[in-house]
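J.: Have a look at this prediction, sequence included:
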Amino acid sequence: MAKVGLFFGSSTGNTEAVSYQIKQEMDTHDGWEVDVHNIGSSTPEKLMEYDYLIMGIPTWNTGELQDDWDIFLPNFANMDMSGKKVAMFGLGDQNGYGYNFLDALGILADEVMKSGAYVIGLWKSDTYQFEESKATIEDHFLGLGVDQEGQEEMTTNRIKTWVAQVIEQFNTNYEPA
């Protein structure tokens, strides 16, 4: 049984709800067990217990980190995550904040990569309408993009497709270019 640590930060409950939707979808795949943790009550040591990680973060206001992630982020400077695979997802509002859609996802991904981890689970950005994002590389987000404000009806199918992709990438020697 592969153990996955899913760590989220959530102020309004939306990211927490999506975290449990992801856990529920992963539970439908044999051989995967997901432990869900609020990053606000987690430690770097807890995060390092897992070979496979999923991290969820919402973008606040004009491109800001959610409070719990903002407090935790400096810990990455002292963490050696070499070889760990990290899948990420971010929540944002592309209509209201199109000039910084999912920026927090990009900020978190940068810190995770600086610590030596591989970010997997990149997600095509072509079904979203936004102007700018720190979470993009070419035509992909650095993880699943979730917009509960403007595209809530797409969340379930996006999660299902993304989880299958993440499991495949967890199971292989996949390393991003």
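T.: Yep, it's here.

J.: The lowest-mean-pLDDT helix or strand in the chain: what's the following helix or strand?
T.: Counting by mean pLDDT, DSSP states H and E, the chain has its least confident helix or strand at strand 64-65, which shows a mean of 88. For strand 64-65, the following helix or strand on the C-terminal side (DSSP states H and E) is helix 67-72.

J.: Mind listing what's buried along that next one?
T.: Asp68, Trp69, Phe72 (16 or more other C-beta atoms under 10 Å). For the C-beta atoms, the positions are set from N, CA and C on the backbone; glycine is no exception.

J.: Only C-alpha atoms, please: export the top strand by length along the chain in PDB.
T.: Criterion DSSP state E: the longest strand present in the chain is strand 52-60. Below are the C-alpha coordinates for strand 52-60, written out as PDB (Å, rounded to 0.1, in the frame of the first residue of the first chain):
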ATOM      1  CA  TYR A  52       4.400  10.800  -2.100                       C
ATOM      2  CA  LEU A  53       3.000  14.200  -1.400                       C
ATOM      3  CA  ILE A  54       0.000  16.200  -2.500                       C
ATOM      4  CA  MET A  55      -0.200  19.900  -1.500                       C
ATOM      5  CA  GLY A  56      -3.200  22.100  -1.800                       C
ATOM      6  CA  ILE A  57      -3.200  25.900  -1.600                       C
ATOM      7  CA  PRO A  58      -5.700  28.700  -2.400                       C
ATOM      8  CA  THR A  59      -4.600  32.100  -3.700                       C
ATOM      9  CA  TRP A  60      -5.800  34.900  -1.600                       C
END
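
J.: Helices of the chain, residue ranges please.
T.: 14-27, 44-48, 67-72, 103-114, 155-171 (DSSP state H).

J.: Comparing those, which comes out most buried?
T.: Stretch with highest mean neighbour count among the helices of the chain: helix 103-114 (a mean of 22; mean count of other C-beta atoms under 10 Å).

J.: before we move on, back to that, go through the buried residues of helix 67-72 and say which is closest to Thr43.
T.: Phe72 (9.0 Å; C-beta to C-beta).

J.: The closest one against Ser41, yeah?
T.: No. With contact defined as C-beta atoms under 8 Å, Phe72 does not count as touching Ser41 (10.3 Å).

J.: gap between the least confident helix or strand of the chain and the chain center?
T.: Between the centre of strand 64-65 and the centre of its chain there are 14 Å (C-alpha atoms, centre = their mean, to the nearest Å).

J.: Equivalent analysis for stretch 32-44, please.
T.: Offset of stretch 32-44 from its chain centre (C-alpha atoms, centre = their mean): 13 Å.
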